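J.: With the input below, show me the fold.
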Amino acid sequence: MKALLVVDVQNDFCPGGALAVADGDKIIPVVNRLMDKFSLVIASRDDHPGDSRHFEIWPAHCVHGTKGADYHSDLNTARIGQELLKGTGRGDDGYSAFEATNIDLEEYLKDHGVDELYVTGLATDYCVKASAIDAATKGIKTFLVEDAVKGVEAGQGDIKRAIQEMKNSGVRLISSYEIRKIS
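T.: Predicted coordinates:
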């Protein structure tokens with residue numbers, strides 16, 4: 001079984017948000033089109049408490065109960081079958097979707113017979129990378145949908161290095177066009 005993972009397509013990571021990824025909202029139409037190609041769609045969401053130690057590293061973002069923590073309004077949330085909340089404790093960074101505190105993602109995928117995971121979302125060089133590498137190291141055939149992710153690029157070359165790290169961990173690259181063509 002194939003599943004689509006949508007990582008952190010939240011207001012605070014899109015233009016105008018507290019920790020915006022440049023053009024982060026531009027991937028949403030691609031993600032929405034992909035959803036119809038998968039019988040299982042799951043999505044992660046940062047859901048930090050206001051006093052998270054994570055904010056010692058990053059500006060406050062995706063604080064529980066705020067508009068910034070909500071999914072972007074253009075994202076088709078009706079297709080999301082399971083939400084993964086991460087970074088929910090004061091000491092939780094919550095980069096990887098596998099760090100979700102409301103569900104054990106590895107068990108969830110096993111219970112649903114998922115053996116292929118297609119990763120989309122924000123940001124390529126942080127939460128997308130951590131989620132994809134965790135999936136691959138857990139033995140799940142993992143694909144990064146290259147045109148359905150955007151990165152922060154805090155330092156020159158960060159996105160390129162993140163993609164190389166994912167590839168080195170066994171993550172395969174694919175385009176949304178290839179998925180739509182084979183589905």
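
J.: where does the protein have low pLDDT?
T.: The model of the chain has pLDDT under 70 over residues 183.

J.: Can you tell me what sits against the longest helix seen in it?
T.: Determined from DSSP state H, the single longest helix within the chain is helix 158-168. Residues outside helix 158-168 that contact it (Cβ atoms under 8 Å, 6 or more residues apart in numbering): 124-126, 128-129, 132-133, 136, 144, 151-153, 173. For glycine as for every other residue, the C-beta is placed from the backbone atoms N, C-alpha and C.

J.: Ok, stretch 77-86 next?
T.: Applying Cβ under 8 Å, 6+ apart, the contact partners of stretch 77-86 are 6, 35-36, 40-47, 71, 92, 94-97, 99-103, 105, 108.

J.: Could you check how far that stretch is from the centre of its chain?
T.: Taking Cα atoms, centre = their mean, to the nearest Å, one finds stretch 77-86 lying 11 Å from the centre of the chain it belongs to.

J.: which parts of that stretch are buried?
T.: Neighbour-count burial for stretch 77-86 flags 77, 79, 80, 82, 83, 84, 85, 86 (criterion: 16 or more other Cβ atoms under 10 Å).

J.: roughly how far apart are the first one and residue 68?
T.: Counting by Cβ to Cβ, to the nearest Å, the gap from residue 77 to residue 68 is 16 Å.

J.: relative orientation of the lengthiest strand in the chain and helix 158-168 in degrees?
T.: Identified as the longest strand of the chain according to DSSP state E is strand 141-150. Strand 141-150 and helix 158-168 meet at an angle of 170 degrees, taking axes from the mean of the first three to the mean of the last three Cα atoms, to 10 degrees as the criterion.

J.: Tell me which stretches of this structure form strands.
T.: 2-7, 40-46, 82-86, 116-122, 141-150, 172-174.

J.: can I get those in CSV with distance to residue 160?
T.: Shown next, in CSV, are the strands of the chain (distance: least, Cβ to Cβ, whole Å):
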stretch, distance to residue 160
strand 2-7, 19
strand 40-46, 23
strand 82-86, 25
strand 116-122, 17
strand 141-150, 12
strand 172-174, 12
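
J.: of the ones you listed, which approaches residue 52 most closely?
T.: strand 40-46 (9.4 Å; Cβ to Cβ).
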